[in-house]
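all I have is the shape, not the residue letters:
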């Protein structure tokens, strides 16, 4: 399964990515700002989603269309 970011670069387990858009996190008052660095992503069974930890939010699932590989 090939997991690609918004620019088409291949993502691997443990890669670091940045957000390309401000995102509100459902169920919290946290807004992740554009340019936020996310380290150590985990690939899921769905090729359009990755799991990660950001600031105060653990177990966050982000869509790959909002990510850019660093």
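Sure, I can see it. Keep in mind it's a predicted model, so treat the numbers as computed, not measured.

for stretch 35-46, list every residue counted as buried.
Of the residues in stretch 35-46, those buried under the neighbour-count criterion (16 or more other CB atoms under 10 Å) are 38, 41, 43. The way it works is simple: take the backbone N, C-alpha and C, and place the C-beta from them, glycine included.

verify the stated contact: the first one with residue 17.
Yes. Under the criterion of CB atoms under 8 Å, residue 38 makes contact with residue 17 at 5.2 Å.

now do the shared contacts for those two.
Common neighbours of residue 38 and residue 17 (criterion: CB atoms under 8 Å, 6 or more residues apart in numbering): residue 67.

show me the contacts for residue 14.
Applying CB under 8 Å, 6+ apart, the residues near residue 14 are 40, 41, 42.

which parts of the protein are strands?
Ranges of strands within the chain are 17-19, 23-24, 31-32, 37-38, 42-43, 49-54, 57-63, 67-69, based on DSSP state E.

and residue 4, which of the ones you listed is closest to it?
When the strands of the chain are ranked by distance to residue 4, counting by CB to CB, first place goes to strand 67-69 at 9.0 Å.

tell me how far the residue nearest the centre of the chain lies from residue 10.
In the chain, the C-alpha nearest the mean C-alpha coordinate belongs to residue 62, at 4.4 Å (CA atoms, centre = their mean). Using CB to CB, to the nearest Å, one obtains 17 Å as the distance from residue 62 to residue 10.

just confirm residue 67 contacts residue 6, I think it does.
Yes. In terms of CB under 8 Å, residue 67 counts as a neighbour of residue 6; the distance is 6.2 Å.
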